[in-house]
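Asks: can you look at this prediction? I've put the sequence above it.
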Amino acid sequence: MDDTKRRKLKGLNDLVVDTVHAAVDETEKVHNEIARYPYAVLQRITPLAAPVGIIEFVQQSVTGLVYRSIRVATKVAGTAASITLAAVPGDKKR
């Protein structure tokens, strides 16, 4: 593989990883905004306020873990692709 192709593929890999991270960031943000509404309503009911707060905390923790896992998996895949590209032998001059 020549250096131009390698650079283009590396750039494409970086673009895909950055795009996935940006999409995950926005999706997580919207997810949290949407989930916040029912909790806010239920927490106004005094006997439910404490349990709803706990449930909201657990939900936010699990959701955050899922989105972090997606980011880590994307980074690992991107790094693996970069390492693989770097290991592909260059074109031999004839």
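Replies: Perfect, thanks for sending it. Numbers count the residues shown, from 1 in each chain.
Asks: got any ranges where the protein has weak pLDDT?
Replies: Along the chain, segments meeting pLDDT under 70 span 91-94.
Asks: can you tell me which helix in it is longest?
Replies: Ordering each helix of the chain by length in residues (DSSP state H) puts helix 46-87 first.
Asks: which parts of stretch 69-82 are buried?
Replies: Neighbour-count burial for stretch 69-82 flags I70, R71, T74, G78, A81 (criterion: 16 or more other Cβ atoms under 10 Å). Backbone N, C-alpha and C define where each C-beta goes, glycine included.
Asks: CA-only coordinates of that stretch in PDB, if you can.
Replies: The C-alpha trace of stretch 69-82 is given here as PDB (Å, rounded to 0.1, in the frame of the first residue of the first chain):
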ATOM      1  CA  SER A  69     -18.800   1.500  26.700                       C
ATOM      2  CA  ILE A  70     -19.800   2.400  23.200                       C
ATOM      3  CA  ARG A  71     -17.100   5.200  23.200                       C
ATOM      4  CA  VAL A  72     -14.500   2.700  24.500                       C
ATOM      5  CA  ALA A  73     -15.400   0.100  21.900                       C
ATOM      6  CA  THR A  74     -15.200   2.600  19.100                       C
ATOM      7  CA  LYS A  75     -11.800   3.800  20.300                       C
ATOM      8  CA  VAL A  76     -10.500   0.200  20.500                       C
ATOM      9  CA  ALA A  77     -11.800  -0.500  17.000                       C
ATOM     10  CA  GLY A  78     -10.300   2.700  15.700                       C
ATOM     11  CA  THR A  79      -6.900   1.900  17.300                       C
ATOM     12  CA  ALA A  80      -7.000  -1.600  16.000                       C
ATOM     13  CA  ALA A  81      -7.700  -0.300  12.500                       C
ATOM     14  CA  SER A  82      -4.800   2.200  12.800                       C
END
